[in-house]
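**Student:** Here is the input, now give the coordinates:
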Amino acid sequence: MLTCKAVKVRAYASVANLGPGFDILAMAITSFYDEVEVVVCKNNETEIYVKEISGPYSDNIPTDERNTAVAAAKEFLSKIGKGAIIRLRLWKGVPIGKGLGSSGATAAATVVGLNEILKPKISCNELIEIAAEGEKVAAGSPHPDNVAASILGGLVLIYQRKPLRAIKLPLRVNPKIILAIPKIMLVKEKTRIARSLLPKQVPLEKVVYNLGKLGALITGFLEGDIDLAGSGMYDEIVEPARAPLVPVYFQLKKKLLNLGVSGVCVCGAGPSIMVMLKPSYEKVEDVKKTIRWEYKRHGINVEIIEANIAPGAQVLQP
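**Tutor:** As a prediction, this is how the structure comes out:
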């Protein structure tokens with residue numbers, strides 16, 4: 001008779017890049033989350049399957065090896081060199097294709113659940129690498145920034161890729177966050193297309209500009225100065241190249257900054273936009289009205305969500 005154990009894990013959405021931090025910075029946010037119930041039955045044979053997918057964003061998600069939970073579980077077992085029968089139930093609460101780390105949240109919840117049950121002697125960095133490899137089936141390539149934020153919570157920096165090294169940055173203040181999520185047609189294989197738009201060569205002055213902004217962004221968070229952090233949310237390399245995927249962004253950013261918000265950036269590859277505000281900021285409704293008006297002016301409906309910085313992946317009762 002097989003011995004089985006089960007856990008349920010919640011992992012939050014994430015916003016990658018935050019302007020100049022392409023592929024190295026991401027922040028977990030409370031607006032959306034995925035939950036994965038992981039059941040592990042120890043066995044010499046390996047069998048991994050999705051038993052159920054539910055939730056508001058569960059439509060058209062594959063249940064085979066193209067599913068990030070299945071891929072992450074397969075990578076996990078390969079890493080630790082063990083076999084098991086793994087049953088997965090997914091609750092998809094992170095919208096897909098909106099730049100909010102949906103596939104990363106699924107992969108993160110899965111590996112944290114497996115780690116809780118099997119308790120292998122692997123580091124947190126290895127866990128992030130496994131989740132990133134699992135996410136590759138959806139995103140086309142590993143994205144450790146998103147999965148690191150979903151696993152660790154808060155603001156995460158990837159400071160080395162081979163071998164992977166990630167740290168959670170200590171924050172002295174939690175900003176208000178507003179997400180603008182435009183209701184536009186999803187681009188098939190959006191992440192692959194977004195990466196294909198990136199320039200192969202970049203002028204040195206743009207690199208220097210982005211490095212300066214990255215320094216201001218990180219220093220602002222560490223010092224608890226949201227305005228300083230927001231002044232670093234500018235990018236001269238990636239965001240301009242991806243302009244076709246982020247309608248309204250550049251016009252809207254200018255108008256929001258005129259309202260005194262601390263910072264504005266594209267969420268990952270877009271099309272969602274994140275607005276960052278000081279806790280004391282009082283014109284939240286004006287910000288929302290400006291967002292709605294600007295998108296409406298371009299014939300686009302938009303969903304507006306308030307959020308906070310989220311904790312790391314949480315083990316719940318199954």
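
**Student:** in stretch 282-297, what's buried?
**Tutor:** Applying a neighbour-count criterion of 16 or more other Cβ atoms under 10 Å, one finds 284, 287-288, 290-291, 294-295 buried in stretch 282-297. For the C-beta atoms, the positions are set from N, CA and C on the backbone; glycine is no exception.

**Student:** need the contact list for the closest residue to Gly21 other than its chain neighbours.
**Tutor:** If you skip the residues right next to it in sequence, Gly21 has Leu214 as its closest partner in space, 5.8 Å away by Cβ to Cβ, 6 or more residues apart in numbering. Counting by Cβ atoms under 8 Å, 6 or more residues apart in numbering, Leu214 touches 19-21, 25, 232.

**Student:** any chance you could map the helices in the stretch 101-250 of the chain?
**Tutor:** Secondary structure of the stretch 101-250 of the chain (DSSP state H, counting those that start in this stretch): helices at 102-118, 124-139, 144-152, 190-196, 204-223, 226-231, 238-241, 249-258.

**Student:** Export the fourth one to PDB, keeping only CA atoms.
**Tutor:** I take that to be helix 190-196. Backbone C-alpha positions of helix 190-196 (Å, rounded to 0.1, in the frame of the first residue of the first chain) are rendered in PDB as follows:
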ATOM      1  CA  LYS A 190       3.700  36.700 -25.800                       C
ATOM      2  CA  THR A 191       6.900  36.200 -23.800                       C
ATOM      3  CA  ARG A 192       8.700  34.800 -26.800                       C
ATOM      4  CA  ILE A 193       7.600  37.700 -28.900                       C
ATOM      5  CA  ALA A 194       8.500  40.200 -26.200                       C
ATOM      6  CA  ARG A 195      12.100  38.800 -26.100                       C
ATOM      7  CA  SER A 196      12.400  38.800 -29.900                       C
END
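
**Student:** what about the chain, any weak spots by pLDDT?
**Tutor:** Scanning the chain with the threshold set as pLDDT under 70 gives 1-2, 139, 187-190, 317-318.

**Student:** so where do the strands sit in it?
**Tutor:** Using DSSP state E, the strands found in the chain span residues 4-17, 21-42, 47-54, 84-91, 155-160, 165-169, 176-182, 263-266, 273-277, 302-307, 314-316.

**Student:** Distance from the last one to the middle of the chain?
**Tutor:** Averaging C-alpha coordinates over strand 314-316 and over its chain gives two centres that are 18 Å apart (Cα atoms, centre = their mean, to the nearest Å).
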